[in-house]
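>>> After the sequence you'll find the predicted model.
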Amino acid sequence: MNKLLKLIRRNADVESFMDLNKSHRKNVAKIGSVALFELQITYPAFIGYSYFARVLESLGVELIGYRPVNDLSRLSRFVFKFLRKIPLDNGINWPFRIMRSFGVSKFILPSQVSRNQLELEELFLEFISLNKVQKLNFKINDVVLGDLFYDWHLRQRGLPTITEEMAILHEDFFEFFGTFMWWEEYFDHNKVDSVFVSHSVYSQGVLARIGLRNNSNVFLVGPDRVYRLTEKNLHPDMEFLDYIPGIKQQFGYSIDLLRAQNAIDALRGGSQEISSAHSFVTGYKGFQGDRIIAENGKINIMIAAHCFSDAPHANSDFHFSDFVEWLKFLGKKSWETKDKYNWYIKAHPAFFESDKIHFAKITADFPWIQPISSSYSNLDLFAQGVQVVLTIHGTIAFEAAYENILVINASNNCPHIKYDFSLRPSSTVEYSEMIDSIPKLLAEFVIVPDDILHFYDLHHLRKNSNIYFGQNYGELLEFIGGYKEIFTSPKIFRFWLDQVYGKDFDKNLLSSFANFFKSNAYFMIREK
C-alpha cells in the first residue's frame, strides 16, 4: 500500500508545473510527423522539454514519449503499460503525467525480441572477429554503434572491458542491436521530425544516431544546457574543441581570471558547490594520511584511475580502446622504468562497487605499482612528493597543473586540449616517448597559471549560468539543498514558478528555444 501511495500521491510542485504547461497548449492540426521525447526523471530538463513541445506543437508535430530500450523487469513493464494508458502517476517515479501536460500523446516501449534473429547471428559473428578498436567503429546500415554498445555493455555488467564470455556477449549483443533494428523499423514507418535524448552514450545514443542518419533534428536536453547533436558533434560539451586561450569573451561569456582563482581556491579548501564537476566527488577531499609517497630520489608518478564502466567514450575516442588497455600499457611501461620512477595508482573517488573489485584485480597484476586509496587528498599526495600525474581526460589535469604538477594526458579529446598547461601526445608511440622523457620534461616544462584560470572559468564556471534559471541558478541550488538534488527534487518547479517565471521571461525563453530549434547552433545560448 505504501508503494502504491508513493506512486500516485500528488505533489503540489509537480501539479503547479503541469497546470502551467496545460495553459500553454494549443490545438493545431497535425502534419503527419512526430517528435520523440525520451522518458526521464530530471526535473529541469522537463522545463526544456516543455518549451520544445510548444515549438513543435505549433508546427503540428505529434509528440511521443519513449524508452530507448526495454530493459525493465516484468513488474516494471506492467507498470509502464498501465500508466501510459491510465493517468495516475504523480511525476515522481514515472513522468507520464508531466509529459502529457505539455502535449505528449502516447508512449513507446520497444520490443525485447527482434524479428531479425538470423541477421543478428551473422552480425554477431562479424563483431566477435574484430579487435577492440574495430569493435568501437562497428556499424550497421551506416550508423556507427560500436562505441555505444561497448559502453552500454560495460555499464550493464559492471565490467572494466568487453567480456570474453561468449554467452554474456551474445545476450547483450542481441538485446542492444535487436533494439536498434526495432527502432530502425520505426523510423522507416514514421516521419520523425525530432529526437530528444538525455545522453548521447549507452542505449540513449541509439536513437540519436538513427535520427542523424535519417536527417531528423536531434537534441540533448540536460538539467542545465541544451545541445543540437550532429554527425560532427555526436556528444554534448564538446565546445572545448573551439576554446581560444587568452580571449576575454567567448560564447557570449566574459572570462574573469580572478573569479576563477577564487573558485579554484574554494575547491582546494574543500567546497563542492563551486561547479558541477566537483559536486558529487572531488579529489580535493580526503584526509592527510600517513606518508605513502617514497623519498628515495626517484621521480614519483601517479596514475589517476578512471571509473571503468562510466561511459569511457563519452568524449569520443582516446589513445586506447578502454581504461583497462590504458592501464595494461602503463603496467608494462612502469615495469620498464621502475628503476628510475616510483609508480602509484590512485582509485577514483566515484568508483562503483564493481570498479573497486576490478581495481584490486588489475593492481594485483602489477605489484610494482602501489595503489592509493581515494580517501587520500590529492593535495596531500602532491605535498608528499608526487611530481607527475597520468590521466586520460580527467579533471585532475587542471587541478594538478594548478599545483605545478606535470600532467600527461592519453587523449586528444580532453576538455583542456587547446591549453598548454598539460601535455597531449598525439599517439601511443609519442605517449611512451614522453614517459621516457619525464626527467627532461620536468626540467623544461613551464605551466602558465593564467591558462588554467582561463580554462576553468570558460569550461566550468560558464556552465553555472543555467539556461532555465539564468543568474538565479545559485539561489536554486541553495533552495533545493545543493547540486545533488538537481535531478530529483520537485522543489525545482516551485522555485521556477515563484522566483523565475513571468510573462516577459516566458516570451523571451520561448523565443530562444524557437530560434535555436531553427538554427544550426551546437548549443543554446539564452538571448536575454
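Okay, I see it.

>>> Looks like residue 98 contacts residue 18 (just checking).
Yes: Residue 98 is within contact range of residue 18, at 6.1 Å (criterion: CB atoms under 8 Å). All C-beta atoms are positioned from the backbone trio N, CA, C, and that covers glycine.

>>> Could you check which of the two has the larger neighbour count?
residue 98 (27 against 21; other CB atoms under 10 Å).

>>> What strand or helix carries the more buried one?
Residue 98 is part of helix 96-101, with elements assigned from DSSP states H and E.

>>> do residue 433 as well
Using DSSP H and E, residue 433 falls within helix 428-436.

>>> Render the CA-only coordinates of that helix in CSV, please.
What follows is helix 428-436 as a C-alpha-only set of coordinates in CSV (Å, rounded to 0.1, in the frame of the first residue of the first chain):
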residue,chain,number,x,y,z
THR,A,428,50.7,5.9,-28.1
VAL,A,429,54.2,6.0,-29.5
GLU,A,430,54.6,9.6,-28.5
TYR,A,431,52.9,8.9,-25.2
SER,A,432,55.5,6.2,-24.5
GLU,A,433,58.3,8.6,-25.5
MET,A,434,57.0,11.3,-23.2
ILE,A,435,57.0,8.9,-20.3
ASP,A,436,60.6,8.0,-21.1
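
>>> helix, strand or coil for residue 289?
Three-state call for residue 289 (DSSP: H, G, I helix; E, B strand; the rest coil): coil.

>>> Counting neighbours, which bits of the helix holding residue 433 end up buried?
Within helix 428-436, the residues scored as buried using 16 or more other CB atoms under 10 Å are 431, 432, 434, 435.

>>> What of stretch 437-445?
Under the neighbour-count criterion of 16+ other CB under 10 Å, stretch 437-445 has 438, 445 buried.

>>> Any idea how far it is from the middle of the chain?
Computed by CA atoms, centre = their mean, to the nearest Å, the chain-centroid distance of stretch 437-445 equals 34 Å.

>>> Over to stretch 188-196?
The chain centroid and the centroid of stretch 188-196 are separated by 24 Å under CA atoms, centre = their mean.

>>> helix or strand right after the helix holding residue 98?
The helix or strand immediately downstream of helix 96-101 is strand 104-108, counting by DSSP H and E.

>>> what does that following strand rub up against?
36-37, 39, 53, 62-67, 80, 84, 96, 99, 186 (CB atoms under 8 Å, 6 or more residues apart in numbering).

>>> again, but for stretch 353-366
Outside stretch 353-366, the residues within contact range by CB under 8 Å, 6+ apart are 158-160, 305, 307-309, 324, 327, 331, 334-335, 345, 347-348, 351, 369, 371.

>>> Out of those residues, list just those in strands.
Counted as lying in strands by DSSP state E, out of those, are 345, 369, 371.

>>> Quick check: which ranges of the chain have low pLDDT?
Applying pLDDT under 70 to the chain flags the ranges 1, 3-7, 114, 279, 287-288, 527-528.

>>> what's the closest of the contacts of strand 104-108 to residue 168?
Taking CB to CB as the measure, residue 168 lies nearest residue 67 of the contacts of strand 104-108, at 22.8 Å.

>>> what separates that closest one from residue 184, distance-wise?
Residue 67 is 17 Å from residue 184, where distance means CB to CB, to the nearest Å.

>>> since we're on residue 328, how many residues are nearby?
The number of residues packed near residue 328 is 16, by other CB under 10 Å.

>>> any idea how far it lies from residue 91?
In this view, residue 328 and residue 91 are 46 Å apart by CB to CB.

>>> same check, this time on residue 361
Applying CB to CB, the value for residue 361 to residue 91 is 42 Å.

>>> For burial, what's the neighbour tally of the closest residue to residue 338 other than its chain neighbours?
Using CB to CB, 6 or more residues apart in numbering and skipping the chain neighbours, the partner closest in space to residue 338 is residue 368 (5.2 Å). Neighbour count of residue 368, defined by other CB under 10 Å: 10.

>>> likewise residue 375?
11.

>>> what does residue 131 give?
Neighbours around residue 131, by other CB under 10 Å: 8.

>>> Setting aside sequence neighbours, what's the nearest residue to it?
Among residues not flanking residue 131 along the chain, residue 321 sits closest, at 8.0 Å (CB to CB, 6+ apart).

>>> What residues does that neighbour make contact with?
Shown in contact with residue 321 (CB under 8 Å, 6+ apart): 131, 132, 133, 135, 136, 161.

>>> Looking at those residues, which one is closest to residue 233?
Nearest to residue 233 among these is residue 136, at 17.9 Å by CB to CB.

>>> I figured that closest one was touching residue 147, is that so?
Yes: using CB under 8 Å, residue 136 makes contact with residue 147 at a distance of 4.8 Å.

>>> Now do the shared contacts for these two.
Jointly contacting residue 136 and residue 147 under the rule CB under 8 Å, 6+ apart are 313, 317.

>>> Partner strands of the helix or strand hosting residue 64, with direction?
Assignment of secondary structure by DSSP H and E places residue 64 within strand 62-66. Partner strands and pairing direction for strand 62-66 (DSSP bridges) are strand 33-38 (parallel), strand 104-108 (parallel).

>>> Now the element after the longest one, going C-ward?
Think strand 33-38. As assigned by DSSP H and E, the chain's next helix or strand after strand 33-38 is helix 43-58.

>>> Show me which positions of that following helix end up buried.
The neighbour-count criterion (16+ other CB under 10 Å) identifies 43-57 as the buried residues of helix 43-58.

>>> How about the top helix by length along the chain, which residues are buried there?
Longest helix in the chain, counting residues (DSSP state H): helix 166-189. Across helix 166-189, burial judged by 16+ other CB under 10 Å covers 169, 172-184, 186-187.
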